[in-house]
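Peer 1: Make a model of this:
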Amino acid sequence: MSLAVRVIPCLDVAGGRVVKGLRFENLRDAGDPVEAARRYEAEGADELCFLDVAASHEARGTLVDLVAAVADVLSIPFTVGGGVRSVEDAGALLAAGADRVTVNTAAVADPGLVTRLAERFGSQCVVVAVDAKRDGERFVVSTHGGRRITGIELASWVAEVTACGAGEILLTSMDADGTLAGFDLGMLKAARAATSVPIVASGGAGELAHFAPAVLDGGADAVLAASVFHDRTFSVGQVKRALSAAGVPVRPAVPAGLERIAFDANGLVPVVVRNERTGDVLTLAWANAEALALTVETRLSHFWSRSRQELWKKGETSGNLQHVVRVSVDCDRDAVLYDVEPAGPPCHTGAASCFAPVEAIPDAPSAAPGAAASDLPARAADWTETASVETLDLGPLFEVIAARQAHPEPGSYTNRLLAKGIERCAQKVGEEGVETALAAVTRDDAGLAAEIADLMYHVVVLMAARGLPPGAVAAELAQRRQKRRGTRPEEK
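Peer 2: Residues are numbered from 1 along each chain as shown. A predicted model of the protein is given here:
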């Protein structure tokens, strides 16, 4: 078992769409692969697997253009397979944005292909996909998307491709696939005994309790699933929490935008809760990474109780739930703000807020010494305008993109986009602008917010490609505010 077990959503693709079936048959549409890829990365997937399940059967190559489209929205590792029959096929997929390629049918016909791929691209790029099924007391290998059964015994085949240079085995049980009845632990054990390279367990996951045995009993280094993710039975984060609770090491499923929270020595961060409608501060609580992930995932406030040392959901017993509209992070990333729609009093006393005025401080605001009363409205307006801008803090985004530009990372979508030049960056801004406009009239608030976020991200990447500093835009906005107020810069 590796240090951290990976959780991998799988996109089985046919006809340009994500599909899912039962034991490799009766395929049904499960959505758009690009949108699915976006969602799974946001949920905290460690990597993504894309398998063109009809390519070998239809004697064609993998859908390279679709692979490129999926790769464009990912920054996590991306494994692609289906129809890879040569070094050239693999090279085309890697050039399109894949980090690794899988071979199955072609490798069975020519095991030397595995060696040639390993010599050309390195073993770390070569995954041998093994589709197997029970045949009495043994397990045998199949090809052509599970349509043809060979007489090759599983353990001997796994040992052979390992010797040929495979860097990983993607093992799918044809008997368990799509049944939601659990992984085939016997099959996993047989493969584990035959190789020392990492094994990805695939086929059969239907409950959270199915994942840990694949690792602890079957010896898998990663778990892969499709239906339970496509159908939203549960999320990547829920799988990771179930694995962690069972003692399996995993990387935390940190929601996008919360990757660099500055947790304290106890792994906690303070959370201010504010009423979205009135702006009133309701309470102050604490959250760990899991509480933040659950809050984003469920849209309900979750915290960590320091006194009880346990996770808790606000309103779970009282019914006073808090529906989270947005989560914000302060400029130092050491505090978090939940804007919520409360379903009841936030305080255990029944009060409308956990905060009460201190009698020693008068309620009415007063002017600072030497300030005229007439100054107060203008200053209040200034504060309101500034606060509304700071609620959407793009500073961390500029920092991340600048870091990617200065220190490129393998597989980074930002680096791939920057490498394509200003024209492609500008094109993406145009595309995202159109999608944002369409979302404004066709989608709900969450959908519109997602498109606006995509647009802002691509605008910042375009600025980086042009070398335009954020200060240039800030100065332009400041100048416009001054013009609106009738104030020239030299008068300030």
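
Peer 1: List the buried residues for stretch 316-332?
Peer 2: Residues of stretch 316-332 classed as buried: 320-322, 324-325, 327-329 (neighbour count, 16 or more other Cβ atoms under 10 Å). No exception for glycine: its C-beta is placed from N, CA and C like everyone else's.

Peer 1: List the residues that contact residue 78.
Peer 2: Contacts for residue 78 (Cβ atoms under 8 Å, 6 or more residues apart in numbering) come out as 47-48, 50, 70-71, 97-100, 411.

Peer 1: Next up, phi/psi of it, please.
Peer 2: phi -130, psi 120 (degrees, to the nearest 10).

Peer 1: Leaving out sequence neighbours, find the closest residue to residue 249.
Peer 2: Distance criterion Cβ to Cβ, 6 or more residues apart in numbering; nearest residue to residue 249, sequence neighbours excluded, is residue 4 at 5.1 Å.

Peer 1: So that neighbour versus residue 99, what's the distance?
Peer 2: Look at residue 4 and residue 99: by Cβ to Cβ, to the nearest Å, they are 17 Å apart.

Peer 1: Figure out the length between the terminal residues of stretch 186-205.
Peer 2: Using Cα to Cα, to the nearest Å, the end-to-end distance of stretch 186-205 comes out at 15 Å.

Peer 1: re earlier: what's the neighbour count on the residue nearest to residue 249?
Peer 2: Residue 4 sits with 16 neighbouring residues when counted by other Cβ atoms under 10 Å.

Peer 1: Output the below-cut-off pLDDT ranges for the stretch 1-150 of the chain.
Peer 2: Per-residue confidence for the stretch 1-150 of the chain (pLDDT under 70) gives these ranges: 1-2, 15-30, 53-62, 145-146.

Peer 1: And the strands in it?
Peer 2: Taking DSSP state E, counting those that start in this stretch as the criterion, the stretch 1-150 of the chain contains strands spanning 6-14, 17-22, 25-31, 48-52, 78-81, 100-103, 126-135, 138-143, 148-153.

Peer 1: export the ones you listed to TSV and tack on distance to residue 190?
Peer 2: Converted to TSV, those look like this (distance: least, Cβ to Cβ, whole Å):
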stretch	distance to residue 190
strand 6-14	21
strand 17-22	23
strand 25-31	24
strand 48-52	22
strand 78-81	22
strand 100-103	20
strand 126-135	9
strand 138-143	6
strand 148-153	9
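
Peer 1: nearest to residue 467, of those?
Peer 2: When those are compared by Cβ to Cβ, strand 78-81 sits nearest residue 467, at 29.0 Å.

Peer 1: Any idea which of the strands of the stretch 1-150 of the chain gets closest to residue 230?
Peer 2: Between residue 230 and the strands of the stretch 1-150 of the chain, the shortest gap by Cβ to Cβ is with strand 25-31, which sits at 4.1 Å.

Peer 1: Please flag which of the buried residues of stretch 316-332 sit within strands.
Peer 2: Mapping the buried residues of stretch 316-332 onto strands (DSSP state E) picks out 322, 324-325, 327-329.

Peer 1: so which of these comes closest to residue 417?
Peer 2: Among these, and counting by Cβ to Cβ, the member closest to residue 417 is residue 329, at 24.2 Å.

Peer 1: My read is that that closest one contacts residue 296, right?
Peer 2: No - the criterion here is Cβ atoms under 8 Å, and residue 329 misses it with residue 296 at 11.9 Å.

Peer 1: For stretch 458-472, which outside residues touch it?
Peer 2: 394-395, 397-398, 401-402, 405, 414, 417-418, 421-422, 425-426, 428-429, 432, 473.

Peer 1: can we see that at 7 Å?
Peer 2: Residues from elsewhere that reach stretch 458-472, judged by Cβ atoms under 7 Å, 6 or more residues apart in numbering: 394, 397-398, 401-402, 405, 414, 417-418, 422, 425-426, 428-429, 432.

Peer 1: Can you list the buried residues in that stretch?
Peer 2: Within stretch 458-472, the residues scored as buried using 16+ other Cβ under 10 Å are 458-465, 470.

Peer 1: can you give me the end-to-end distance of it?
Peer 2: Distance across stretch 458-472, first residue to last, is 17 Å (Cα to Cα).

Peer 1: Also stretch 343-352?
Peer 2: The first and last residues of stretch 343-352 sit 11 Å apart, counting by Cα to Cα.

Peer 1: Any buried residues in that stretch, and which?
Peer 2: 345-346.

Peer 1: For the stretch 101-250 of the chain, which segments count as helices?
Peer 2: Ranges of helices in the stretch 101-250 of the chain, per DSSP state H, counting those that start in this stretch, are 105-109, 112-121, 154-164, 185-192, 211-216, 227-230, 236-245.

Peer 1: so which of those comes closest to residue 444?
Peer 2: Closest among the helices of the stretch 101-250 of the chain, using Cβ to Cβ: helix 227-230, at 20.7 Å.

Peer 1: list the helices and strands the closest one packs on?
Peer 2: strand 17-22 (3 or more Cβ pairs under 7 Å, 6 or more residues apart in numbering; DSSP states H and E).

Peer 1: The nearest residue in space to residue 102 that is not next to it in sequence: what's it in contact with?
Peer 2: Once flanking residues are discounted, residue 102 sits nearest to residue 81: 2.9 Å by Cβ to Cβ, 6+ apart. Neighbouring residues of residue 81 by Cβ under 7 Å, 6+ apart: 51, 101-104, 127, 129.

Peer 1: Residue 248: which of the buried residues of stretch 316-332 is nearest?
Peer 2: Of all the buried residues of stretch 316-332, residue 248 sits closest to residue 327, with 27.3 Å by Cβ to Cβ.

Peer 1: Could you pull up the residues touching that closest one?
Peer 2: Residues counted as contacts of residue 327 (Cβ under 7 Å, 6+ apart) are 295-296, 336, 338.

Peer 1: Next: residue 474.
Peer 2: Here residue 474 is in contact with no residues (criterion: Cβ under 7 Å, 6+ apart).

Peer 1: buried set for the helix or strand where it lies?
Peer 2: Secondary structure assigned from DSSP states H and E places residue 474 in helix 470-485. Residues of helix 470-485 classed as buried by neighbour count (16+ other Cβ under 10 Å): residue 470.

Peer 1: quick revisit: does the residue nearest to residue 249 touch residue 252 like I think?
Peer 2: No - if you go by Cβ atoms under 7 Å, residue 4 and residue 252 don't touch, sitting 9.6 Å apart.

Peer 1: mind showing which ranges of the stretch 201-350 of the chain have poor pLDDT?
Peer 2: Applying pLDDT under 70 to the stretch 201-350 of the chain flags residues 254-256.

Peer 1: Of the contacts of stretch 458-472, which belong to helices?
Peer 2: Mapping those onto helices (DSSP state H) picks out 397-398, 401-402, 405, 414, 417-418, 422, 425-426, 428-429, 432.
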